[in-house]
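Peer 1: The following comprises the amino acid sequence and a computationally predicted model.
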Amino acid sequence: MEREKAIIEVKNLNKSFGENHVLRDFSLSLFEGENLVILGKSGSGKSVLIKCIIRLIEPDSGDIVVLDQDISALDQDEMDQLRADVGFLFQSNALYDSMTVRQNLMFPLRRHWSKEEREANAENAVKEALEDVGLGHTIDMMPAELSGGMRKRIALARTLILKPKIILYDEPTTGLDPITAREISELMNSIQAKYNTAAIIISHDMNCIKMTGNRIVMLIEGKNYAEDQFENLLKNTDPKVRDFFEGL
Ligand SMILES: Nc1ncnc2c1ncn2[C@@H]1O[C@H](COP(=O)(O)OP(=O)(O)OP(=O)(O)O)[C@@H](O)[C@H]1O
């Protein structure tokens, strides 16, 4: 079967910090509608990779094409526009504690929608995003009044409000109890099914990885060392792949 179109293409990416060569000719493709998990030991460069994709970090060399655009060629405005299509869910959630849930969700709209658009549609967009994460009733609450799992859902709603084509998840279940973590993984799958979003997921949570990952890329020694479905990687006999799973 012919593969679907790649919506992120990373080719031969290199990034060093001094003598620390984090990414070494790293390449990957993210295809439409898929959840791709990046697996790698702590410090292997997963966050650096994701930050290069949204240009929070400049790589030393290599190509990154996102939704058919070479991101190194984009100016600030073009990059801002692209960021509306690429949602980022921070590990910390990055909610504003002094703002209500509604105000938190309005925040990306202030940046990406005109005043007229906001006056006409923002309230409905906020409600829809909250419904998508099952938290319509929290619209007037403050983040401090919510549990950790609820805050993660609100952060996800804020990412969803711009209807991104791609979501980058940075350790979406870290710090949550196993039941809440499972609910977040289920939510990630339901978002994928409803909006056909593609996602790159960084996670150390094996349940989350098994539940959400359609494909796994193993980042070892700065490279895309192996990529496959999770069950197949577990059977992989390569010593470095084995070493990773045995070290868990
Ligand atoms: N801004 C920076 N300046 C210098 N070194 C950095 C910087 N950002 C990351 N690094 C280094 O790059 C390496 C990879 O870090 P990164 O945060 O990507 O790891 P990770 O795979 O995401 O780890 P974890 O699973 O623990 O989050 C580490 O050695 C880190 O110290």
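Peer 2: Thanks, I have the structure now. Numbers count the residues shown, from 1 in each chain.
Peer 1: separation between the residue nearest the centre of the chain and residue 66?
Peer 2: Geometric centre of the chain, nearest residue: residue 168, 1.3 Å, by C-alpha atoms, centre = their mean. Residue 168 sits 11 Å away from residue 66, going by C-beta to C-beta, to the nearest Å. Where you see a C-beta, it was placed from the backbone N, CA and C, and this is true even at glycine.
Peer 1: Which neighbours do the two have in common?
Peer 2: Jointly contacting residue 168 and residue 66 under the rule C-beta atoms under 8 Å, 6 or more residues apart in numbering are 53, 86.
Peer 1: sorry, back to before: ok, the helix or strand harbouring the residue nearest to the centre of the chain: who's next to it in the sheet?
Peer 2: Assigned by DSSP states H and E, residue 168 belongs to strand 166-170. Sheet pairing for strand 166-170, assigned by DSSP bridges, gives strand 86-89 (parallel), strand 198-202 (parallel).
Peer 1: mind listing what's buried in it?
Peer 2: 166-170 (16 or more other C-beta atoms under 10 Å).
Peer 1: Switch these over to TSV; also include pLDDT.
Peer 2: Formatted as TSV, the buried residues of strand 166-170 follow (pLDDT from 0 to 100):
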residue	pLDDT
166	97
167	97
168	96
169	96
170	94
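Peer 1: And those residues, which two are furthest apart?
Peer 2: 166 and 170 (13.5 Å; C-beta to C-beta).
Peer 1: shaky segments in this protein?
Peer 2: Across the chain, residues meeting the criterion (pLDDT under 70) sit at 1-3.
Peer 1: The same query, at a cut-off of 50, please.
Peer 2: For the chain, the stretches flagged by pLDDT under 50 are 1.
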